[in-house]
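Trainee: need the 3D shape of this:
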Amino acid sequence: MATEAVLGLDVGTTTVKAVLVDKRGGVLATGRSDQIPTHRPEPGAAEQDLTGIWDAIATAVARAMAATDTDPTVSALAMAAQSGSVCPIGLDGSPSARVITWLDSRSTELVRSWNHSVREQIRSVSGWHPGPGQGLATIAWLGQDQPDVMASTVRFASVDDAVGHLLTGQWATNPSNASGMQLMDVSTCTWDERLVELAGLGSRRLSPIVATGSHLGNLTTSAAQHLGLSTGIPVFAGGHDQTCAAMALGVLKPGVFMLSAGTAWVLTTVTDSADVERLPAKMNLGPHAVAGRWLASTNLGGLGVGLTDDADTLPAAVESVRQVVRSVGGVLGDPELIMIVGGGTGDERLAPLLSDSTGLPVEVFDDPSWPGTGAAGIAADAIGWPPPTTPTQDEECI
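Mentor: Numbers count the residues shown, from 1 in each chain. Reported below is the predicted structural model:
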């Protein structure tokens with residue numbers, strides 16, 4: 001018997017996950033792709049083929065559909081996506097070069113050359129600290145280092161709007177993903193002409209920004225064939241992967257922290273203001289998928305790589321979290337709780353160390369793809385379904 005479901009995609013840097021959620025809010029099945037190949041043609045480079053990402057999406061969807069015997073019929077879909085990566089698009093709508101991922105560091109020297117005034121402008125307008133691996137720096141670097149790519153590119157997309165175009169034939173991005181391009185005014189969720197000019201662009205070379213939950217279009221025939229789904233399924237604007245995970249976990253108010261302990265560790269909390277000046281120094285600011293809320297976050301680095309190999313890595317990582325949590329107290333709201341997701345949850349030392357260090361209760365959740373679940377929730381809401389059910393703790397609150 002066919003079961004109606006919504007599909008949430010979690011398009012990450014390493015893999016893609018697909019989550020099927022039924023009409024009652026229960027997770028029917030999940031599927032994960034194989035690892036997306038990353039090319040490193042020169043020192044500092046980290047590039048991917050858009051076709052590789054697209055194929056990984058198809059694999060994840062196929063595995064999710066095959067993981068349930070309920071014969072699901074997909075009624076709507078939305079996507080959570082990594083942010084900061086740049087997809088150069090040519091005149092015919094196909095890539096003019098590989099995707100330059102947020103792990104690419106070739107713009108480092110350019111960023112270092114920016115003076116204090118430029119850095120302050122970027123920070124105050126976009127909400128982000130200037131750095132390599134974000135759209136502004138990557139695009140500006142391309143203009144200097146690869147002018148042929150710059151000349152052949154008519155649109156600079158991020159992963160979400162590049163994949164959205166493959167799904168629907170339409171170009172649009174959402175505020176939380178646009179924020180990672182570091183070209184958006186975080187207070188208005190519109191492209192900022194000063195930052196766009198700094199990148200060497202015109203705003204017409206960027207996709208329109210539409211609200212999370214907006215109808216992007218319907219699944220095209222070619223996309224449906226690629227994914228093994230039906231033509232015409234409505235596709236809705238999702239959000240940045242951290243934003244969608246926060247939605248799924250119920251991180252909706254100040255004082256609650258979400259630690260995504262994956263390849264990179266990202267610590268995120270909620271604020272009810274777009275005032276960058278009141279933000280703790282190490283944190284970046286971006287729109288939440290929930291109206292009237294923003295997410296303050298900081299990337300603590302690729303801490304997940306060496307936790308089991310270096311006895312000093314975990315305590316140092318926990319101390320980094322403690323310092324950020326302490327900096328938030330009295331500024332964005334008194335810290336109340338830390339919720340942990342990601343591969344780091346498999347290390348049984350993490351939660352007790354983090355609770356002892358911060359003095360806060362710590363809840364650990366298993367990882368069925370919270371970004372994908374949040375994206376499924378966006379699709380469900382768009383068609384009038386209830387959200388996915390409240391997550392179940394993997395272990396007791398510590």
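Trainee: residue contacts, Leu285?
Mentor: Gly127, Trp128, Ser179, Val186, Thr271, Ala274, Val276, Leu279, Trp294, Leu295, Ala296 (Cβ atoms under 8 Å, 6 or more residues apart in numbering). The C-beta positions use only the backbone N, C-alpha and C, and glycine is treated the same way.
Trainee: that's a strand at it, yeah?
Mentor: Yes: Leu285 sits within a strand when classified using DSSP: H, G, I helix; E, B strand; the rest coil.
Trainee: if we ignore the residues flanking it in sequence, what's nearest it?
Mentor: Nearest residue to Leu285, sequence neighbours excluded (Cβ to Cβ, 6 or more residues apart in numbering): Gly127, at 3.3 Å.
Trainee: repeat that for Arg24.
Mentor: Arg24's closest residue in space is Pro386 (Cβ to Cβ, 6+ apart), at 7.0 Å.
Trainee: over to Asn284?
Mentor: Nearest to Asn284 is Trp128, by Cβ to Cβ, 6+ apart, at 4.6 Å.
Trainee: quick one: pLDDT of that neighbour?
Mentor: At Trp128, the model reports a pLDDT of 94.
Trainee: gap between it and Ser357?
Mentor: 27 Å (Cβ to Cβ, to the nearest Å).
Trainee: neighbour count winner among these two?
Mentor: Trp128 (25 against 17; other Cβ atoms under 10 Å).
Trainee: measure that one to Ile100 for me?
Mentor: 17 Å.
Trainee: same thing with Gly255?
Mentor: Distance from Gly255 to Ile100, by Cβ to Cβ: 36 Å.
Trainee: do Ala375 as well
Mentor: To Ile100, Ala375 is 24 Å away according to Cβ to Cβ.
Trainee: so between those two, which is more surrounded?
Mentor: More crowded of Ala375 and Ile100, by other Cβ under 10 Å: Ala375, with 38 against 27.
Trainee: what about the residue nearest to Leu285, neighbour count?
Mentor: 25.
Trainee: quick check: it touching Arg278?
Mentor: No: using Cβ atoms under 8 Å, Gly127 makes no contact with Arg278, being 11.5 Å away.
Trainee: can you flag which of the contacts of Leu285 belong to helices?
Mentor: Ser179 (DSSP state H).
Trainee: care to break the chain down by domain?
Mentor: 3-241, 250-382 (automatic domain parsing).
Trainee: between the two ends of the shortest one, how far is it?
Mentor: To tie it back to what came earlier, the one meant is domain 250-382. 18 Å (Cα to Cα, to the nearest Å).
Trainee: centre of the chain to that domain, how far?
Mentor: Taking Cα atoms, centre = their mean, to the nearest Å, one finds the center of domain 250-382 at 13 Å from the center of the full chain.
Trainee: do you know how far Pro95 is from Ala199?
Mentor: Distance from Pro95 to Ala199, by Cβ to Cβ: 19 Å.
Trainee: what bits of this protein have low per-residue confidence?
Mentor: Applying pLDDT under 70 to the chain picks out residues 1, 302-311, 367-368, 390-398.
Trainee: what ranges does it have for its helices?
Mentor: 50-66, 108-113, 116-126, 135-145, 147-152, 159-168, 175-179, 193-198, 221-227, 241-249, 313-328, 350-358, 370-382.
Trainee: make JSON lines out of those helices and add distance to Lys23.
Mentor: Below are the helices of the chain laid out as JSON lines (distance: least, Cβ to Cβ, whole Å):
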{"stretch": "helix 50-66", "distance to Lys23": "16"}
{"stretch": "helix 108-113", "distance to Lys23": "47"}
{"stretch": "helix 116-126", "distance to Lys23": "39"}
{"stretch": "helix 135-145", "distance to Lys23": "37"}
{"stretch": "helix 147-152", "distance to Lys23": "45"}
{"stretch": "helix 159-168", "distance to Lys23": "22"}
{"stretch": "helix 175-179", "distance to Lys23": "26"}
{"stretch": "helix 193-198", "distance to Lys23": "42"}
{"stretch": "helix 221-227", "distance to Lys23": "21"}
{"stretch": "helix 241-249", "distance to Lys23": "17"}
{"stretch": "helix 313-328", "distance to Lys23": "38"}
{"stretch": "helix 350-358", "distance to Lys23": "34"}
{"stretch": "helix 370-382", "distance to Lys23": "8"}
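Trainee: figure out which of those helices is closest to Pro287.
Mentor: helix 175-179 (4.1 Å; Cβ to Cβ).
Trainee: and the strands in the stretch 151-300 of the chain?
Mentor: 155-157, 184-185, 190-191, 215-218, 234-240, 256-261, 265-271, 284-287, 294-301 (DSSP state E, counting those that start in this stretch).
Trainee: relative to Ser107, which of those strands is closest?
Mentor: Using Cβ to Cβ, these put strand 155-157 closest to Ser107, at 13.6 Å.
Trainee: what's that closest one in contact with?
Mentor: Residues contacting strand 155-157 (Cβ under 8 Å, 6+ apart): 86-89, 135, 139, 165, 171, 173, 181, 201, 205-207.
Trainee: do stretch 44-63 as well
Mentor: 7, 9, 11, 13, 15-18, 31-34, 36-41, 85, 87, 95, 98-101, 103-106, 108, 159, 162-163, 166, 226-229.
Trainee: buried ones in it, by neighbour count?
Mentor: Across stretch 44-63, burial judged by 16 or more other Cβ atoms under 10 Å covers 45-48, 50, 52-63.
Trainee: ok, the nearest residue to Arg123 once chain neighbours are set aside - contacts?
Mentor: The spatial neighbour of Arg123 that comes closest, neighbours along the chain excluded (Cβ to Cβ, 6+ apart), is His129 at 5.9 Å. Listed by Cβ under 8 Å, 6+ apart, the contact set of His129 reads Arg119, Ile122, Arg123, Asn284.
Trainee: closest one of the residues you listed to Gln144?
Mentor: Ile122 (17.2 Å).
Trainee: before we move on, back to that, what's the spacing between the residue nearest to Arg24 and Gly26?
Mentor: Counting by Cβ to Cβ, the gap from Pro386 to Gly26 is 10 Å.
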